[in-house]
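# model this:
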Amino acid sequence: MIIAIDAGNSRIKWATHEGGRWLDCGVLATSDIAWLAEAADEWPAGAQVVVCNVAGAEVAAGISSLLAARQARVSFLRPTAAACGVRNSYDLPAQLGADRWAALIGARAQSANACLVVCAGTATTVDLLDADGVFRGGLILPGFDLMRAALASNTAQLPFAEAGAFRAAPRNTSDAIVSGCLQAQLGAVERMFAAIASEAGAECLLTGGGAERLAAHLRIPFRLVENLILRGLVRYAESP
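You can find the predicted model right below:
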């Protein structure tokens with residue numbers, strides 16, 4: 001059995017995988033990491049656990065301690081120059097985020113064509129993977145909710161815009177905020193996709209909590225892929 005754990009800034013997602021299929025999954029707030037012990041109690045002793053952590057050293061230590069007590073074999077995904085058919089062209093490969101690396105590995109398992117890998121969470125990452133499996137670079141920008149929060153906390157008269165809606169030409173403040181934040185996300189994705197738009201079979205792979213919000217308005221070929229980071233972790237764990 002492989003147990004994949006994706007520890008993000010806001011949430012920790014986990015899933016169990018065996019015999020080519022998913023068996024169980026769960027999610028909790030990163031601040032509630034102690035509750036992961038309840039799920040881990042159901043995992044077999046000595047299970048292979050692979051972790052992607054971008055939530056900091058304290059969370060990594062918590063996961064390690066929790067799983068060590070259950071005699072699990074734990075490995076943390078570290079970005080390298082190459083893995084699972086993906087080559088990392090970052091200036092310093094080890095500085096690529098582990099979540100982005102896992103998503104790229106997962107994307108290569110989903111498609112042999114050029115693709116744009118978009119993870120929409122607390123932050124939105126937009127990464128180019130060419131048909132040869134080379135990661136050509138990408139973007140990091142604040143996620144949709146983070147953009148709204150930044151406007152609310154750093155301006156005197158703009159609200160958080162809970163009730164706003166996406167409009168082509170907004171005519172009230174809440175709609176203007178929601179539409180502006182979403183247009184910024186869409187613009188970044190569509191501009192990056194232009195680099196591979198002419199390639200056969202090129203598409204955008206969307207994952208993360210904000211993926212469906214983007215999907216509703218994108219004007220490029222796309223596919224929603226649930227739990228792309230977890231899929232990448234399993235592929236990494238299964239590789240030689």
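
# From Ala15, how far off is Glu226?
Distance, Glu226 to Ala15, by CB to CB, to the nearest Å: 10 Å. The C-beta positions use only the backbone N, C-alpha and C, and glycine is treated the same way.

# Could you check which helix or strand contains the one residue sitting closest to the centre of the chain?
Centroid-nearest residue in the chain, with CA atoms, centre = their mean: Cys119, separated by 4.0 Å. Here Cys119, judged by DSSP states H and E, is contained in strand 115-120.

# And the residue nearest to Ala47 when sequence neighbours are not counted, how close does it get to Ile33?
Leaving aside its sequence neighbours, Ala47 sits nearest to Met1 (CB to CB, 6 or more residues apart in numbering; 4.9 Å). Distance, Met1 to Ile33, using CB to CB: 21 Å.

# about what we covered before: mind pulling up the pLDDT for the residue nearest to the centre of the chain?
According to the prediction, Cys119 has pLDDT 97.

# That one is in contact with Gly232, isn't it?
No - in this structure Cys119 lies outside contact range of Gly232 using CB atoms under 8 Å: 10.5 Å.

# okay, and the common contacts of these two?
Ala103 (CB atoms under 8 Å, 6 or more residues apart in numbering).

# what about this protein, any weak spots by pLDDT?
Scanning the chain for pLDDT under 70 picks out 71.

# on that earlier part again, looking at Glu226 and Ala15, which has the bigger crowd around it?
Using other CB atoms under 10 Å as the criterion, Glu226 and Ala15 rank with Ala15 on top: 20 against 12.

# roughly how far apart are the more buried one and Trp35?
Note on Ala15: its distance to Trp35, by CB to CB, is 16 Å.

# swap in Ala120?
Ala120 sits 25 Å away from Trp35, going by CB to CB.

# neighbour-wise, which of the two wins?
Higher neighbour count among Ala120 and Trp35: Ala120, with 22 against 13, using other CB under 10 Å.

# Wait, the more buried one touches Asp145, no?
No - with contacts counted by CB under 8 Å, Ala120 stays clear of Asp145, the gap being 10.1 Å.

# Mutual contacts of the two, please.
Residues touching both Ala120 and Asp145 by CB under 8 Å, 6+ apart: Gly210.

# Buried residues in the longest helix along the chain, which are they?
When the chain is parsed with DSSP state H, its longest helix is helix 173-193. By neighbour count on 16 or more other CB atoms under 10 Å, the buried set for helix 173-193 is 174-182, 185-186, 188-190, 192-193.
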